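A.B. asks: Build me a model from this:
(2 chains)
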Amino acid sequence: MRRLLGKMGVLLALSAVVLGCAPVAPAFQNSASAGGDAAAGATTLTIFAAASLTDAFNEIGAVFVADHPNTELIFNFAGSNQLATQIGEGAPADVFASANLKQMQVAIESGRILTDAQRIFAHNRLVVVTPSDNPAGLTELQGLATPGVKIVFAAKEVPVGQYSLDFLEKAGASESLGADFKAAVMANLVSYEQNVRAVLAKVALGEADAGIVYRSDVTASEQGAVSQIEIPDNLNTIANYPIAAVNDSPNLALAQAFVDTILAPAGQQILTQYGFVPASQ
Amino acid sequence: MELRLPRVSTRRQKGRRATLWLLLLSAPMLIFLVWPLVALVTRIPLSLLIENLSNLEVIQAIRLSLTTTALSTSTALLFGTPLAYLLARRDFRGRASIDTLIDLPMVLPPSVAGIALLIAFGRRGWLGAALNDLGLSLAFTTAAVVMAQIFVAAPFYIKAAIAGFAGVDRDLEKAAAIDGANAWQIFRHITAPLARSALFGGAVMTWARALGEFGATIIFAGNFPGRTQTMPLAIYIGLELELSVALTLSAILLATSFLVLFVVKRLLHQQLSAI
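C.D. replies: Residues are numbered from 1 along each chain as shown, chains lettered A, B, ... in the order given. Down below sits the predicted model:
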């Protein structure tokens, strides 16, 4: 009997191994409804938008619904590449807002969005973030090259990670920072994180001395935990955010009205509040 | 009207029919479990697999996975064995609570384990802050990878070892004691050899779990090729851009795990039937 128990213990451990091995899936916020329960006869508009737009679009959505009674908005926030793939696979979408031109192009190539329908509605720029107590005493970009400073970037597979490497490339070619800057910063890199939120988390927790994120990622909740160091325009990569109505939308006029709201001063002002650079600039 | 005799099945026929039904009922689960693995292995052409094997990041990831899992498994053995023996042989207040606490890392989502390690050993953690003052910083180091593996994987060995020690006949130990053996001699020559299949099986489970460790590692140790990027991390990060690299590493991980588990089960089976 004891031996049987021993065997069972091994078996139990074995089955638990299989359960425990699964890597955590990336967390996507799949849908959020701004309009609450659909009123009877309400028109539903489905907005596919990049995850970085979550807070800003929810707020603009409330404004839009106030102006267009009897409309319900359903948001699908995820990575732009995932959204473009979903649109290509025929997902029901009325509007697509992407975090870069590349994924909008993917959606256009699927035939569901007309080339001249897209409008740039916002820009995003990179900033260096440090923990608010700033253990490495960083106040300017030059400090990133000090030996021993712990820096985290997003992995180069993620757009912001590639932009961060582009920044080093430009900085290395610039007179202000010089050729040694790039090598020195690369030597200080301790991790390529899986996404921009992870970079921000490592800095906010104080594990890393500095990281590079989008300015719009430093939202109100993190503002107390991190400080920012600006990257000048000539070294920065300015990300363009395009938006377009999906051409086969059954409510194309309403979809276009949503796009117009994003581009209108009210929409642009909300985007600015959330750290985006307005389209006119 | 024809008179029909009731059909009488022999016991053997009945047995065969039952087996057939059992096979039919087992098939869905078996196919579901095996199909994705087959799809994964057959997706990547052999030539590409061999080509990717010379990719520096692939080699670094394999090397790092092998060294860190060897370290974490041996540490689990070294410090897990006394703990398992204590829990198997001594009855004391709080024993059940400790036993349950050891289960927790196996049940926790690995990301929770990673956050817990970061809170405890990070630069601003309880112990981490003190270590940091001594100039020791754990996050983003290979040591952090090993710690993450030990945290999530050691309980598999400890649980198996408890069961193994509990299964050893106490009379044999008492007999050895009467013959003048001291506690260490009894453990070394009686208890451990008799529990060896459980200990061995548990160690392999710990190694296998450590090899697949992902969530705690990427949170606590970060991701840096050659330093903290183990095979599961390289697979996850590689998935975005270089699917073939991710597929190569997945195939290697799968093949290694299968081989080790298969061999160990055969050995265990032999030992169990030999007793």
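A.B. asks: Get me the contact residues on the stretch 101-250 of chain A for chain B.
C.D. replies: Counting by C-beta under 8 Å from any C-beta of the partner chain, the positions of the stretch 101-250 of chain A adjacent to chain B are A:135, A:150, A:152, A:155-158, A:189-194, A:198, A:202, A:205-208. C-betas here are computed from N, CA, C, even on glycine.
A.B. asks: at 10 Å what do you get?
C.D. replies: A:131, A:133, A:135, A:150, A:152, A:155-158, A:161-162, A:189-195, A:198, A:201-202, A:205-209 (C-beta under 10 Å from any C-beta of the partner chain).
A.B. asks: among those, which ones are buried?
C.D. replies: A:131, A:150, A:152, A:155-158, A:161-162, A:189-195, A:198, A:201-202, A:205-209 (16 or more other C-beta atoms under 10 Å in any protein chain shown).
A.B. asks: Mind checking which of these land in strands?
C.D. replies: Those of those mapping onto strands are A:Pro131, A:Val152, A:Leu189, A:Val190, A:Ser191, A:Tyr192, A:Glu193, per DSSP state E.
A.B. asks: Name the nearest residue to the residue of the stretch 51-200 of chain A found nearest chain B, sequence neighbours excluded.
C.D. replies: With C-beta to the nearest C-beta, the shortest gap between the stretch 51-200 of chain A and chain B falls at A:Ser191, namely 2.9 Å. The shortest distance from A:Ser191 to any non-neighbouring residue, by C-beta to C-beta, 6 or more residues apart in numbering or on different chains, is to B:Gly222 (2.9 Å).
A.B. asks: Could you list the low-pLDDT ranges of the stretch 101-250 of chain A?
C.D. replies: Low-confidence segments of the stretch 101-250 of chain A, defined by pLDDT under 70: A:220-223.
A.B. asks: can you give me the strands in the stretch 101-250 of chain A?
C.D. replies: A:119-124, A:126-131, A:151-154, A:189-193, A:210-214, A:226-230, A:239-245 (DSSP state E, counting those that start in this stretch).
A.B. asks: Dump the C-alpha coordinates for the third one into PDB.
C.D. replies: These are the backbone C-alpha positions of strand A:151-154, laid out as PDB (Å, rounded to 0.1, in the frame of the first residue of the first chain):
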ATOM      1  CA  ILE A 151      18.900  49.900 -18.800                       C
ATOM      2  CA  VAL A 152      16.000  47.900 -20.200                       C
ATOM      3  CA  PHE A 153      14.600  48.100 -23.700                       C
ATOM      4  CA  ALA A 154      11.700  46.400 -25.300                       C
END
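A.B. asks: Tell me the strands beside it, with direction?
C.D. replies: Counting by DSSP bridges, the strands paired with strand A:151-154 are strand A:189-193 (parallel), strand A:210-214 (parallel).
A.B. asks: Looking at the ones you listed, spot the one closest to A:Gln86.
C.D. replies: strand A:210-214 (22.4 Å; C-beta to C-beta).
A.B. asks: Name the residues of the closest one that are buried.
C.D. replies: Residues A:Ala210, A:Gly211, A:Ile212, A:Val213, A:Tyr214 are the ones in strand A:210-214 that count as buried (16+ other C-beta under 10 Å).
A.B. asks: what's the farthest-apart pair in those residues?
C.D. replies: Pairwise over those, using C-beta to C-beta, the maximum falls at A:Ala210 and A:Tyr214, 15.1 Å.
A.B. asks: B:Phe224 touches A:Ser191, doesn't it?
C.D. replies: Yes - B:Phe224 sits in contact with A:Ser191 when judged by C-beta atoms under 10 Å, with a separation of 5.2 Å.
A.B. asks: which residues are common contacts for these two?
C.D. replies: Residues touching both B:Phe224 and A:Ser191 (C-beta atoms under 10 Å, 6 or more residues apart in numbering or on different chains): A:Val152, B:Phe140.
A.B. asks: What segments of chain B are helices?
C.D. replies: Assigned by DSSP state H, the helices in chain B fall at B:11-43, B:46-52, B:56-89, B:95-107, B:110-121, B:126-133, B:142-166, B:170-178, B:183-186, B:192-194, B:196-212, B:215-220, B:231-241, B:243-274.
A.B. asks: And for chain A?
C.D. replies: So, for chain A - with DSSP H - the helices run A:2-20, A:54-67, A:80-88, A:101-109, A:159-173, A:179-188, A:196-204, A:220-223, A:252-263, A:265-273.
A.B. asks: how's chain A carved up into domains?
C.D. replies: A:32-123+A:241-278, A:126-230 (automatic domain parsing).
A.B. asks: Would you format the ones you listed as JSON lines with distance to B:Leu118 included?
C.D. replies: Output for the domains of chain A, formatted as JSON lines (distance: least, C-beta to C-beta, whole Å):
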{"stretch": "domain A:32-123+A:241-278", "distance to B:Leu118": "23"}
{"stretch": "domain A:126-230", "distance to B:Leu118": "7"}
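A.B. asks: For B:Val34, find the nearest of the ones you listed.
C.D. replies: B:Val34 sits nearest to domain A:32-123+A:241-278 of all the domains of chain A, at 27.1 Å, using C-beta to C-beta.
A.B. asks: what distance separates the closest one from the middle of the whole chain?
C.D. replies: The chain centre lies 15 Å from the centre of domain A:32-123+A:241-278; the measure is C-alpha atoms, centre = their mean, to the nearest Å.
A.B. asks: ditto for stretch B:124-132
C.D. replies: Distance of stretch B:124-132 from the chain centroid (C-alpha atoms, centre = their mean) equals 29 Å.
A.B. asks: got the buried residues for it?
C.D. replies: By neighbour count with 16+ other C-beta under 10 Å, stretch B:124-132 contains the buried residues B:Gly125, B:Gly128, B:Asn132.
A.B. asks: can you check stretch A:92-104 too?
C.D. replies: By neighbour count with 16+ other C-beta under 10 Å, stretch A:92-104 contains the buried residues A:Ala93, A:Asp94, A:Val95, A:Phe96, A:Ala97, A:Ser98, A:Ala99, A:Asn100, A:Leu101, A:Gln103, A:Met104.
A.B. asks: In strands, which of those residues appear?
C.D. replies: Using DSSP E, the buried residues of stretch A:92-104 in strands are A:Val95, A:Phe96, A:Ala97.
A.B. asks: Pick the one among those residues closest to B:Phe258.
C.D. replies: A:Phe96 (42.9 Å).
A.B. asks: looking at the sheet around the closest one, what are its partners?
C.D. replies: Listed beta-bridge partners, A:Phe96: A:Phe48, A:Ala244 (assigned using DSSP bridges).
A.B. asks: Can you give me the distance of it to A:Gln82?
C.D. replies: Computed with C-beta to C-beta, to the nearest Å, the distance linking A:Phe96 and A:Gln82 is 12 Å.
A.B. asks: can you check B:Leu138 too?
C.D. replies: 34 Å.
A.B. asks: How about A:Gly88?
C.D. replies: Distance, A:Gly88 to A:Gln82, by C-beta to C-beta: 11 Å.
A.B. asks: do the same with B:Pro28
C.D. replies: With C-beta to C-beta as the criterion, B:Pro28 and A:Gln82 are 30 Å apart.
A.B. asks: which of those two has more neighbours?
C.D. replies: The neighbour count for B:Pro28 versus A:Gln82, taken as other C-beta atoms under 10 Å in any protein chain shown, is higher for A:Gln82 (17 against 9).
A.B. asks: and the residue of the stretch 1-150 of chain B at minimum distance from chain A, how many residues sit next to it?
C.D. replies: Closest residue of the stretch 1-150 of chain B to chain A, C-beta to the nearest C-beta: B:Phe140 (3.9 Å). Using other C-beta under 10 Å, B:Phe140 is surrounded by 23 other residues.
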